[in-house]
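> quick one, what's the 3D model for this:
(one chain, ligands or ions: 1)
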Amino acid sequence: MSGTPIGRVVIAGGGTAGWMAAAAASRFLNDGQRTITLVESDAIGTVGVGEATIPPIRGFNARLGIEEADFLRATGGTPKLGIEFVDWGARGERYMHPFGTPGRDIEGLNFHQLWLKLRERPGIGDFEGYAMAAVAARAGRFAPPSPDPRSPLSGVDYAYHFDAGLYAAFLRRRAEEQGTVRVEGRITGVEQDERGHVTAVRLEGDRRIAGDLFLDCSGFRSLLLGEAMGVGFEDWSHWLPCDRAIAVPTERTQPLLPYTRATAHDAGWQWRIPLQHRTGNGHVYASAFTDDDTAERILMANLDAAPTATPRRLSFTAGRRRQSWAGNVVALGLAGGFLEPLESTSIHLIQEGIAKLFALFPDDRFSPVVRDEYNRLMADHYTAIRDFIILHYAATRRRDTPFWRHVGSMALPETLARKLALFAEKGRIFRYDDELFTVPSWVAVLLGQGIVPTGYDPIVDALDADRVAEALRHMRRQNATLAQQLPPAG
Ligand code: FAD
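Modelled structure (predicted):
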């Protein structure tokens with residue numbers, strides 16, 4: 001028995017989440033029968049930050065038919081090859097978490113295992129020198145991935161830095177051209193039927209918008225999923241105590257560097273994100289360990305250029321709604337959860353939420369099987385990203401402030417503790433289900449933070465060590481030479 005197709009999709013909120021959902025829905029769900037309506041309130045506005053992304057954003061844009069050059073022009077976008085972490089493992093240390101893969105596996109054996117075995121031999125050098133994206137980023141150069149598997153550029157991947165407000169405006173134009181109807185107004189309440197499903201949102205001025213499926217993109221307020229449906233919040237702040245941010249733009253710096261920088265401070269960390277027209281900066285910190293004025297002083301003292309606006313303060317709690325989908329309401333973006341932007345994953349979580357919703361698009365029966373599968377997939381996705389972010393705090397050797405003493409000795413989620421214990425022995429890492437971060441990402445952060453396993457996987461002993469060492473030295477030289485030949489990033 002099949003149900004009736006959903007006719008009316010209502011999107012509550014027009015931030016990055018709302019307009020990404022509207023642009024995707026009006027392209028893929030607009031069969032001529034279905035209406036897509038987005039309600040937003042200019043008076044309330046958006047969260048107004050969110051500038052760094054990870055490579056899957058390119059796939060999202062491509063599926064919407066967006067040309068890269070148009071997108072970069074409209075959003076002030078720049079290429080991003082990874083994230084540089086400064087002062088995380090210990091003060092004075094820095095490492096790169098590059099996109100793509102480091103080195104090349106030899107005869108099917110993991111590259112990092114080969115490096116672990118041979119790392120002390122002459123000419124092998126640090127792990128970072130094998131990742132073409134990291135080497136190019138450090139040289140301030142950029143080139144897209146090469147389809148030629150023999151080129152070191154075949155291991156490169158990239159994302160973007162961009163102005164999320166301009167991205168939302170760009171997507172809005174496309175969504176409206178594709179038939180999305182935008183309604184301006186503040187949502188003041190919801191109407192629900194006897195099952196608890198939302199039947200309409202009420203707007204100021206005695207207006208109402210009825211719908212069959214509601215996408216809650218209302219930001220931290222979580223108007224529909226949290227407030228109307230009563231879905232509780234799972235608080236993760238005992239692992240991720242940062243709960244405040246201060247953001248400030250500065251003038252554009254020269255040369256334009258193709259990576260995000262995350263610099264650890266006494267009770268949090270500072271981002272630096274280079275865009276075409278300005279640089280985005282912000283200090284993310286834990287209010288239990290410092291105060292707002294101190295945090296602002298630290299931010300302003302660590303800027304590379306003159307501020308172009310007054311600093312803006314934000315608060316949040318790390319965690320997620322216990323379900324992403326309840327009844328006929330699906331939350332996307334901040335309405336569904338928040339993880340600090342250390343690995344630039346929030347916009348990705350919106351993209352993932354949209355993709356999984358389309359893959360499991362309901363009919364008017366709102367099958368619990370479909371809903372439960374969506375909730376399971378999103379819970380797994382959030383949890384895996386959460387663990388990867390906690391890793392940066394857990395794998396520190398810093399003990400110089402109360403904040404670092406706290407995060408460096410806190411009890412970890414069992415999933416992460418297991419991963420760390422396995423890596424510590426022989427550098428083994430496994431990726432589960434469709435977990436976002438790959439083995440090279442875990443290895444880059446673990447080694448970057450100074451966690452070096454006591455051994456290596458003995459399977460690599462099957463290869464001739466001298467021959468492999470020579471192959472590694474060759475890869476390293478190739479990366480260094482090629483980086484100098486690439487064009488400057490901007
Ligand atoms: P919002 O932008 O808050 O939009 C909510 C929408 O709902 C607005 O249109 C608002 O008007 C509307 N609304 C709310 N209430 C009502 C109402 N009653 N009636 C009508 N409309 C209403 N993500 C990244 O991927 N990379 C980053 O580098 C990054 N950095 C971040 C830094 C900080 C400090 C923070 C806090 C977040 C960062 N994020 C980042 C997350 C990113 O900002 C969000 O994921 C993204 O902007 C999506 O926000 P949203 O659309 O869910 O919510």
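> helix, strand, or coil at the closest residue to the ligand within the stretch 351-490 of the chain?
The ligand sits closest to residue 351 of the stretch 351-490 of the chain, with a gap of 9.4 Å, by Cβ to the nearest ligand atom. Where C-beta positions appear, they are placed from N, C-alpha and C, glycine not excepted. With DSSP: H, G, I helix; E, B strand; the rest coil as the basis, the three-state label of residue 351 is helix.
> do residue 382 as well
Residue 382 is classified as helix under three-state DSSP.
> returning to that earlier point: contacts only, for the residue of the stretch 351-490 of the chain closest to the ligand.
20, 56, 57, 60 (Cβ atoms under 8 Å, 6 or more residues apart in numbering).
> quick one: name whatever helix or strand follows the strand or helix carrying residue 114.
Element membership for residue 114 (DSSP states H and E) is helix 111-118. Counting by DSSP H and E, the next helix or strand C-terminal to helix 111-118 is helix 132-138.
> avg pLDDT for the helix holding residue 114?
Averaging pLDDT along helix 111-118 gives 97.
> again with stretch 37-51
Stretch 37-51 comes out at a mean pLDDT of 90.
> that one: end-to-end distance?
Terminal residues of stretch 37-51 are spaced 26 Å apart (Cα to Cα, to the nearest Å).
> what about that stretch and the ligand, any contact?
Yes. Residues of stretch 37-51 are located near the ligand by Cβ under 6 Å from any ligand atom, namely 39, 40, 41, 44, 45, 46, 47, 49, 50, 51.
> flag the shaky bits of the stretch 51-200 of the chain, pLDDT-wise.
Scanning the stretch 51-200 of the chain for pLDDT under 70 picks out no residues.
> quick one, helices of it?
56-63, 68-75, 111-118, 132-138, 164-177 (DSSP state H, counting those that start in this stretch).
> next: the stretch 301-450 of the chain.
346-359, 368-394, 402-409, 414-426, 439-448.
> picking up where we left off before, include mean neighbour count and distance to the ligand when you put the helices of the stretch 51-200 of the chain into a markdown table, please.
Formatted as a markdown table, those follow (neighbours: other Cβ atoms under 10 Å; distance: least, Cβ to the nearest ligand atom, whole Å):
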| stretch | mean neighbour count | distance to the ligand |
| --- | --- | --- |
| helix 56-63 | 17 | 9 |
| helix 68-75 | 15 | 13 |
| helix 111-118 | 23 | 27 |
| helix 132-138 | 28 | 17 |
| helix 164-177 | 20 | 5 |
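> right, and the ligand sits closest to which residue of the stretch 151-300 of the chain?
Closest approach between the stretch 151-300 of the chain and the ligand, counting by Cβ to the nearest ligand atom: residue 219, at 2.6 Å.
> separation between that residue and residue 27?
Between residue 219 and residue 27 the computed distance is 23 Å (Cβ to Cβ, to the nearest Å).
> likewise residue 450?
The value you get for residue 450 to residue 27, if Cβ to Cβ is used, is 46 Å.
> before we move on, what about residue 200?
Between residue 200 and residue 27 the computed distance is 25 Å (Cβ to Cβ).
> tell me who's in contact with residue 363.
Applying Cβ under 8 Å, 6+ apart, the residues contacting residue 363 are 2, 3, 4, 5, 6.
> and with 6 Å instead?
Residue 363 is in contact with 3, 5, counting by Cβ atoms under 6 Å, 6 or more residues apart in numbering.
> report the beta-bridge partners for it.
Beta-bridge partners recorded for residue 363 (DSSP bridges): residue 5.
> quick one: pLDDT of residue 404?
98.
> give the burial count for it, as a bare number.
23 (other Cβ atoms under 10 Å).
> how many neighbours does the residue nearest to it when sequence neighbours are not counted have?
Among residues not flanking residue 404 along the chain, residue 398 sits closest, at 3.9 Å (Cβ to Cβ, 6 or more residues apart in numbering). When counting by other Cβ under 10 Å, one arrives at 20 neighbours for residue 398.
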